[in-house]
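Undergrad: Please work out how this folds:
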Amino acid sequence: PSLGADYRHDDRRRVVGSQQHMHGVPGTLGLGFKQSGTSSPIRVAGLQEGLPAALDGRIRVGDVLTKINHHPIPYDLHSVVQKLQGDIGESVRLTLDRPDLSPAGMYDVTLVRMPFPDKPPQETALSRAQAAAQRAREEKDKGNLCRMCLPIM
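TA: Below you'll find the model as predicted:
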């Protein structure tokens, strides 16, 4: 299905696109986030293939979100998710940090929200790991695995 957008990559691997703004029609950036505790940083947990964050090519799982549209983010995952919601065609500037990954450093990414995909997202490595951890917990509850055998999430 057509997304009504014209996307191409320039020499800096930045997605350049023209997406008609559709007021009142929710769009997505194709990003998932996680937070370990209320005072811990908010990290990228996943990228959905074929959507703006993955198409851009710079964002990686584990990067820390520090700003949305030049404003520091609150350390509350629910508030961050609310700030990232918006209409198809609206752009969002994210500032991220890669402190413990290579190459390290702060960088900005401007993404344009796209329509949500028609089909459910593809199973990702993270979702497979979560399913494996759930199966391991169920086996442990049955007494078939020790606590040391549980996968780390």
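Undergrad: Show me the helices in this protein, by range?
TA: For the chain, the helices defined by DSSP state H cover 52-56, 77-84, 125-141.
Undergrad: which of these has the lowest average pLDDT?
TA: Per-segment mean pLDDT for the helices of the chain reaches its minimum on helix 125-141, at a mean of 65.
Undergrad: okay, how far is it across stretch 93-107, tip to tip?
TA: End-to-end distance of stretch 93-107: 10 Å, with CA to CA, to the nearest Å as the criterion.
Undergrad: what sits up against it?
TA: Contacts with stretch 93-107, where a contact means CB atoms under 8 Å, 6 or more residues apart in numbering, come from 44, 58-60, 62-70, 108-111. Any C-beta I mention is one placed from the backbone N, CA and C, and that applies to glycine too.
Undergrad: Not counting residues beside it along the chain, what's closest to residue 91?
TA: Using CB to CB, 6 or more residues apart in numbering and skipping residues adjacent in sequence, the residue nearest residue 91 is residue 112, 4.9 Å away.
Undergrad: Give the full set of residues in contact with residue 59.
TA: Going by CB under 8 Å, 6+ apart, residue 59 touches 31, 44, 47, 53, 94, 96, 109.
Undergrad: Quickly note the distance from it to residue 90.
TA: Distance, residue 59 to residue 90, by CB to CB, to the nearest Å: 18 Å.
Undergrad: cool, residue 104 as well?
TA: Distance, residue 104 to residue 90, using CB to CB: 30 Å.
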